[in-house]
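S.K.: Structure for this input, please:
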Amino acid sequence: MTVRIDHLVTSGTFSLDGGTWDVDNNVWIVGDDTEAIVIDAAHDAAAIEAALAGRTLRAIVCTHAHNDHIDAAPALAAATGAPVLLHPDDLPLWKQTHPERLPDGELTDGGTLSVAGTTLTVLHTPGHAPGAVCLYAAQLGTVFTGDTLFQGGPGATGRSFSHFPTIIDSIRDRLLALPPETVVRTGHGDSTTVGAEAPQLAEWIQRGH
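M.R.: Below is the predicted model:
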């Protein structure tokens with residue numbers, strides 16, 4: 001069966017450092033008619049489960065552990081039996097939201113996940129959060145960047161656990177190395193391409209060092 005990417009937008013709040021903001025999150029579902037992987041179980045486990053439409057969920061992958069990207073993960077895991085996967089460097093953030101329930105497995109740089117005959121490679125891209133990762137699907141010509149890279153520039157680094165020079169290094173070394181036609185599917189907002197972001201990122205790289 002043909003692999004496809006389904007897109008769901010869920011709404012909720014993001015909370016960190018004593019502040020709370022309303023946010024809309026992108027939830028990405030990669031799979032075919034029988035199995036899938038969810039990237040970032042945000043806000044609404046029931047809506048995500050409905051979008052799966054009975055498919056076997058192989059994994060719930062967290063690009064990072066800010067609450068708006070993981071708040072629905074335990075409920076979705078309970079409903080589907082799928083494991084929650086997170087890079088271990090983001091465990092301190094995870095525990096702020098889910099102190100009683102740890103992730104089920106670890107994401108490691110260079111590790112791979114397979115679904116519907118497609119391989120997703122884990123790229124550790126710290127900066128927005130210590131354990132932030134992107135998922136590169138070469139066969140699909142796309143990378144799922146969470147909050148590391150958006151249309152228009154890097155993710156925010158003004159709060160706890162974030163670091164601007166680190167996110168610039170991650171984007172330069174890991175994401176700009178991908179083919180320019182690679183579609184960037186982000187954690188919030190519209191998609192873009194590596195080639196579209198590369199020229200303006202030169203300014204961000206200079207500003208970060």
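S.K.: what's the burial count for Glu35?
M.R.: Taking other Cβ atoms under 10 Å as the criterion, the count of residues near Glu35 is 18. Using the backbone N, CA and C atoms, a C-beta is placed for each residue, glycine as well.
S.K.: ok, residues contacting the longest helix belonging to the chain?
M.R.: Once the chain is assigned using DSSP state H, the helix that runs over the most residues is helix 194-207. Counting by Cβ atoms under 8 Å, 6 or more residues apart in numbering, the neighbours of helix 194-207 from elsewhere in the structure are 143, 149, 151-154, 168, 171-172, 175-176, 178-182, 184.
S.K.: same deal with stretch 92-112?
M.R.: Applying Cβ under 8 Å, 6+ apart, the external contacts of stretch 92-112 come out as 16, 59, 61-62, 64-67, 70-71, 73-74, 77, 83-88, 91, 119-124, 129-131, 133, 161.
S.K.: Let me see the ranges of the strands in this structure.
M.R.: Counting by DSSP state E, one finds strands in the chain at the ranges 4-16, 19-31, 35-39, 56-61, 84-86, 105-106, 112-115, 118-124, 133-137, 142-146, 149-150, 153-154, 183-186, 192-193.
S.K.: From those, pick the one with the highest average neighbour count.
M.R.: Taking mean count of other Cβ atoms under 10 Å as the contact definition, the stretch among the strands of the chain with the greatest mean neighbour count is strand 142-146, which reaches a mean of 27.
S.K.: In terms of pLDDT, where does the closest residue in space to Asn67 that isn't next to it in sequence sit?
M.R.: Spatial nearest neighbour of Asn67, excluding adjacent residues (Cβ to Cβ, 6 or more residues apart in numbering): Thr97 at 4.3 Å. Per-residue confidence for Thr97 comes out at a pLDDT of 97.
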